[in-house]
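Colleague: generate coordinates for the sequence data below:
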Amino acid sequence: MTIPIRAGFITLLLVAHAAGSGETLDPAAMRAAAAYSRAHRGASFLVVQNGRTLFEEYPDGFGPNGARKIYSGTKAFWGLAALGAAQDGLLSFGEPVANSLSAWANDPRKSQITIRQLLDFSSGLEPAFFIQNTEGIDRDAIALSRSVVGEPGAVFTYGPSSLQAFYEVLKVKLRGERPTRFLERRVLSRLGLGPQRYLSDRAGNPLLATGFALTARQWAKLGQLVLAGGSPVVSSGSLAQCWRGSTANPAFAFGWWNNRAAPNGRELDIERMLDKKLAAQEWSGVCICRDAPPDLVGCIGSLGQRLYVSPSLQLVVVRHANGGSFSDGQFLRLLLAGARPG
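Modeller: Next up is the predicted model:
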């Protein structure tokens, strides 16, 4: 995908209306969305539709070659590694984690946790956010020792511990190949990307929940994969696992948030909801933006990092930011306003 420079911008992706609508984004709407992004500490903004760059801007001055942290956007790449491993027959999402981690076999709750529940964060495993804050520990050992705070499958516990537990499962399944090498071979190289910032701990375990730094153009390649039905990494059937969600949170799976509850869903600030204590979080009927198409999906990273994709609009939007307040709903309403027939 060739993306010429157009202007400074914040990375974000979004979609307009029904599949096959043939609508394109209005230039004035993109300018309004860019102004909103800049006003909320946006660092880059990229809009690609039908394979064409419609808008590109880098207000932070680093330009198109400046890699920026995507925080939780990292999760979706490891989600693709999981999908690739399943497609290759290395694992099954419905199998108990205890089949690979014998230490969990005699725990009445941990023995019930499946690989899928680790990847959609419905395992009930205590999130343990503190393990992200230092590399001088064995993150995996700490994650595996966390208690289960809710019935597996019934509670959404977004945090690094579930993914670190999955990393241990993946090590067993790969039988000697390093999971980071598998990620590079099976996912990153197929996307034209190289090794990433793994933030390894003292035991050599990478941090799966965060760490990657990508340019807007690089992150947009993940959006193009969605538009291509998973190609060149996984099949469309495999990729569809990302949009299933769980009973605990229908809007999230494998590192991706979906907007399928729109237009009647409950629009909320996802980052703010994640900051609340588990007992105060409520994920039923959640959508990213009521006025965006229901097929809109996105990666949501801390401090305003965003990748939105809409197959019906053939649209990819990337936004990086340097913190600041930000509303997905408001941004997407500005961006999608006045869509006109292509």
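
Colleague: which stretches of the stretch 201-342 of the chain form strands?
Modeller: Taking DSSP state E, counting those that start in this stretch as the criterion, the stretch 201-342 of the chain carries its strands at 213-214, 252-253, 256-258, 266-267, 286-287, 297-301, 305-310, 315-321, 340-341.

Colleague: break this structure into its domains for me.
Modeller: According to automatic domain parsing, the chain comprises the domains 1-70+212-342, 74-210.

Colleague: can you map out the helices along this structure?
Modeller: In the chain, the helices defined using DSSP state H lie at 27-39, 74-87, 115-119, 139-145, 160-174, 179-183, 216-227, 236-239, 270-274, 328-336.

Colleague: make JSON lines out of the ones you listed and add mean neighbour count.
Modeller: Where C-beta positions appear, they are placed from N, C-alpha and C, glycine not excepted. Converted to JSON lines, the helices of the chain look like this (neighbours: other Cβ atoms under 10 Å):
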{"stretch": "helix 27-39", "mean neighbour count": "19"}
{"stretch": "helix 74-87", "mean neighbour count": "24"}
{"stretch": "helix 115-119", "mean neighbour count": "24"}
{"stretch": "helix 139-145", "mean neighbour count": "19"}
{"stretch": "helix 160-174", "mean neighbour count": "22"}
{"stretch": "helix 179-183", "mean neighbour count": "19"}
{"stretch": "helix 216-227", "mean neighbour count": "23"}
{"stretch": "helix 236-239", "mean neighbour count": "15"}
{"stretch": "helix 270-274", "mean neighbour count": "15"}
{"stretch": "helix 328-336", "mean neighbour count": "24"}
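
Colleague: read off the pLDDT value for the closest residue to residue 265 other than its chain neighbours.
Modeller: For residue 265, the nearest residue in space outside its immediate sequence neighbours is residue 287; the separation is 3.0 Å by Cβ to Cβ, 6 or more residues apart in numbering. Residue 287 is assigned a predicted lDDT (pLDDT) of 98.

Colleague: how near is the residue lying farthest from the centre of the chain to residue 98?
Modeller: Relative to the mean C-alpha coordinate of the chain, counting by Cα atoms, centre = their mean, the farthest residue is residue 106 (32.6 Å). Between residue 106 and residue 98 the computed distance is 9 Å (Cβ to Cβ, to the nearest Å).

Colleague: likewise for residue 305?
Modeller: Shown here: residue 305 relative to residue 98, a distance of 35 Å by Cβ to Cβ.

Colleague: same question for residue 168.
Modeller: 12 Å.

Colleague: give me the common contacts of those two.
Modeller: Shared between the contact lists of residue 168 and residue 98 (criterion: Cβ atoms under 8 Å, 6 or more residues apart in numbering) there are no residues.

Colleague: does the residue nearest to residue 265 have beta-bridge partners, and which?
Modeller: On the basis of DSSP bridges, residue 287 is bridged to residue 267.

Colleague: pretty sure it is touching residue 270, no?
Modeller: No: checked against Cβ atoms under 8 Å, the pair residue 287 and residue 270 is beyond contact range at 9.9 Å.

Colleague: tell me the most buried of the domains of the chain?
Modeller: Most buried of those by mean neighbour count (mean count of other Cβ atoms under 10 Å) is domain 1-70+212-342; its value is a mean of 20.

Colleague: sketch out the low-pLDDT regions of the stretch 201-342 of the chain for me.
Modeller: For the stretch 201-342 of the chain, the stretches with pLDDT under 70 are 338-342.

Colleague: run through the residues that contact the residue nearest to residue 265.
Modeller: Residue 287 neighbours (Cβ under 8 Å, 6+ apart): 251, 259, 260, 261, 262, 265, 266, 267, 294.

Colleague: same thing but 6 Å
Modeller: Contacts of residue 287 were listed using Cβ atoms under 6 Å, 6 or more residues apart in numbering, and they are 259, 261, 262, 265, 267.

Colleague: I'd like the distance between it and residue 243.
Modeller: Distance from residue 287 to residue 243, counting by Cβ to Cβ: 13 Å.

Colleague: with residue 174 instead?
Modeller: Summarising the geometry, the distance separating residue 174 from residue 243, computed by Cβ to Cβ, is 26 Å.

Colleague: swap in residue 255?
Modeller: Here the criterion is Cβ to Cβ. By it, residue 255 lies 12 Å from residue 243.

Colleague: ok, now residue 158?
Modeller: Using Cβ to Cβ, we find residue 158 at a distance of 17 Å from residue 243.

Colleague: next one: residue 179
Modeller: 24 Å.

Colleague: please apply the same query to residue 63.
Modeller: From residue 63 across to residue 243, the span is 34 Å (Cβ to Cβ).

Colleague: per-residue pLDDT, the residue farthest from the centre of the chain?
Modeller: Reported pLDDT for residue 106: 95.

Colleague: before we move on, what about residue 133?
Modeller: The confidence metric pLDDT takes the value 89 at residue 133.

Colleague: then the one 3 residues further on?
Modeller: According to the prediction, residue 136 has pLDDT 93.

Colleague: find the nearest non-adjacent residue to it, please.
Modeller: Closest residue in space to residue 136, ignoring its immediate chain neighbours: residue 202 at 5.6 Å, by Cβ to Cβ, 6+ apart.
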